[in-house]
Structure formats: structure tokens, C-alpha cells
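A.B. asks: Just need the structure, nothing else, for what follows:
(one chain, ligands or ions: 2)
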Amino acid sequence: MKRTLAALAVCAGALLGTVSAAQAITLSISGSSANYNLPNNFSLSSETGLATGTTVKRLTGGGLALDTAGWLTFSYLGSEASNHNEFKFSVGGTTIFDNTSSTNTATTIYQSAAGLLSFLFKDATVGSSISNQGTSNVYLNSIALFKETATSWIILFNDTCDCDKDYDDLAVRVQAYSRDPSIPAAVPVPGALPLLASGLIGVGLMARKRRKAA
Ligand SMILES: [Ca+2]
Ligand SMILES: [Ca+2]
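C.D. replies: Ligands and ions are numbered 1, 2, ... in the order given. Purely as a prediction, here's the structure:
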């Protein structure tokens with residue numbers, strides 16, 4: 001009986017291992033940032049779930065980083081700005097969101113290496129830009145981050161207009177996945193069934209052997 005329980009424990013452990021291994025990925029700030037309370041004129045509360053007084057992390061040399069290679073989705077949340085602002089992924093690359101465009105509703109998926117994410121905000125009105133980890137200790141043309149969960153962050157941009165520090169000039173949600181979220185997941189338990197079945201067959205054979213020996 002002890003052997004039977006041990007064999008079943010091995011099978012159960014293998015099943016749990018299959019499930020937890022697929023979930024290990026996190027986004028976090030690498031390097032320095034400073035607490036910043038969103039001001040009274042922050043105007044994307046309903047779009048972001050953030051409000052006046054919410055403490056965000058203003059980047060002061062740090063950046064948002066993935067702990068392991070994976071997939072990212074970016075979602076447009078909104079923009080309150082008179083300037084023309086853009087959000088790009090892979091620095092200098094494709095514009096994903098543009099606050100003068102009406103087609104910012106799609107969520108886009110990108111594969112990313114581990115380490116700092118390669119995103120960029122551009123204030124196209126004045127031609128300035130700021131990349132992840134590119135922010136110095138100033139408010140203009142800078143980025144602030146808010147952690148929703150270990151895999152979901154809101155990225156806030158304050159553009160180059162020297163008129164406020166509202167961090168609502170373009171807002172994006174980034175979410176991390178250990179696998180491509182556009183491909184339907186293989187259900188982990190049926191996938192591990194052959195392992196469980198072979199364990200149970202082994203247990204059955206051992207019981208039969210013992211019966212024969214008795
Ligand atoms: Ca602003
Ligand atoms: Ca604004």
C-alpha cells in the first residue's frame with residue numbers, strides 16, 4: 001500500500017509541476033524610480049482605474065523588464081493631450097498607438113526577450129521621444145508605471161508640453177504571458193494523462209505481482 005501511495009504522489013507531483021511551470025513570468029521595474037501621486041488634473045480615471053492621489057512609479061533611470069522571455073500584449077487606454085503622441089514597440093519601430101488615430105482599439109501581441117522592454121513614446125508635435133529606462137529625473141517627456149498584478153502594468157506618458165505633470169497624455173496597458181495568448185491553450189490535465197495512466201498501470205502490475213507471490 002505504501003508503494004501505491006508513493007507512485008500516486010509522484011504522478012500528482014508531475015501534474016502540478018506541469019501546471020505551475022507554465023505560469024512563471026513577471027514584469028517588474030529594473031533600476032530606479034520615484035513615487036509620484038497622480039495630480040488633480042489626471043483625467044483617465046475611468047479608462048485606467050487610477051485616480052487623483054494614486055501613487056505611481058515615475059521612471060528615473062529604471063525601466064519595465066521581463067524576468068524571462070515571453071509574449072506581451074499592449075492595449076490602448078486613452079489620451080488627454082493637445083500634442084500628437086505615439087507609442088512604439090521595439091525602439092524606433094512600429095507605431096502601435098497614435099492619439100490622433102481612431103484605430104487604437106486592437107490589442108497587439110509581440111514576442112519579447114527577457115530584460116528591459118523595448119518601447120518608446122514619441123511626442124510627434126515637437127519631435128521628442130523617450131524610451132523605457134530613458135527617463136531622467138524630470139517630469140516633461142517622461143514615463144510613469146502602475147503595477148496592477150505581477151503580469152499587468154499601466155504605462156503612463158507625460159509629453160513635452162510644459163503645462164502640467166498629469167501623466168495622462170497617452171496610457172497603455174501591457175500584459176505578459178509565458179506562451180502566445182492568441183493560440184488556444186492545451187488543457188494541461190489531459191496532456192499529462194499518459195503519465196498518470198502509466199503510473200496507474202505500474203501500480204496495478206505491482207499489486208498483481210504481490211497477489212501472485214502470496
Ligand atoms: Ca501632460
Ligand atoms: Ca494631459
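
A.B. asks: how about the residues of this structure near ligand 1?
C.D. replies: Asn158, Asp164, Asp166, Asp169 (C-beta under 5 Å from the ion). Every C-beta, even on glycine, is put in place using the N, C-alpha and C of the backbone.

A.B. asks: For Phe97, state which of these is nearest.
C.D. replies: Nearest to Phe97 among these is Asp169, at 11.9 Å by C-beta to C-beta.

A.B. asks: before we move on, the earlier item: can I get the residues of the chain next to ligand 1 in JSON lines with neighbour count and distance to ligand 2?
C.D. replies: What follows is those, written out as JSON lines (neighbours: other C-beta atoms under 10 Å; distance: C-beta to the ion, whole Å):
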{"residue": "Asn158", "neighbour count": "27", "distance to ligand 2": "7"}
{"residue": "Asp164", "neighbour count": "18", "distance to ligand 2": "6"}
{"residue": "Asp166", "neighbour count": "21", "distance to ligand 2": "4"}
{"residue": "Asp169", "neighbour count": "24", "distance to ligand 2": "5"}
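
A.B. asks: Now intersect those residues with the strands, please.
C.D. replies: Asn158 (DSSP state E).

A.B. asks: Could you work out the most separated pair of the residues of the chain next to ligand 1?
C.D. replies: Asp164 and Asp169 (9.0 Å).

A.B. asks: which residues are common contacts for these two?
C.D. replies: The contact sets of Asp164 and Asp169 overlap at Asn158 (C-beta atoms under 8 Å, 6 or more residues apart in numbering).

A.B. asks: Quick check: next helix or strand after the helix or strand bottoming out on mean pLDDT in the chain?
C.D. replies: Scoring the helices and strands of the chain by mean pLDDT, DSSP states H and E places helix 2-21 at the bottom, with a mean of 48. Sequence-wise, the next helix or strand downstream of helix 2-21 (DSSP states H and E) is strand 27-30.

A.B. asks: just the helices in this structure please.
C.D. replies: Taking DSSP state H as the test, the helices found in the chain are 2-21, 45-48, 188-213.

A.B. asks: Up against ligand 2, what does the protein have?
C.D. replies: Glu80, Ala81, Asp166, Asp168, Asp169.

A.B. asks: Without its sequence neighbours, what residue ends up closest to Glu148?
C.D. replies: Of all residues not flanking Glu148 in the chain, Ile154 sits nearest, at 6.5 Å (C-beta to C-beta, 6 or more residues apart in numbering).

A.B. asks: Quick check: that neighbour touching Leu50?
C.D. replies: Yes: using C-beta atoms under 8 Å, Ile154 is in contact with Leu50, at 6.8 Å.

A.B. asks: Identify the contacts common to the two.
C.D. replies: Shared contacts of Ile154 and Leu50 (C-beta under 8 Å, 6+ apart): Val56, Phe146.

A.B. asks: got a list of what Ser131 touches?
C.D. replies: If you count contacts by C-beta under 8 Å, 6+ apart, then Ser131 has Val91, Ser118, Phe119, Leu120, Phe121 around it.

A.B. asks: Identify the residues contacting Lys147.
C.D. replies: Shown in contact with Lys147 (C-beta under 8 Å, 6+ apart): Leu27, Ser28, Lys57, Trp153.
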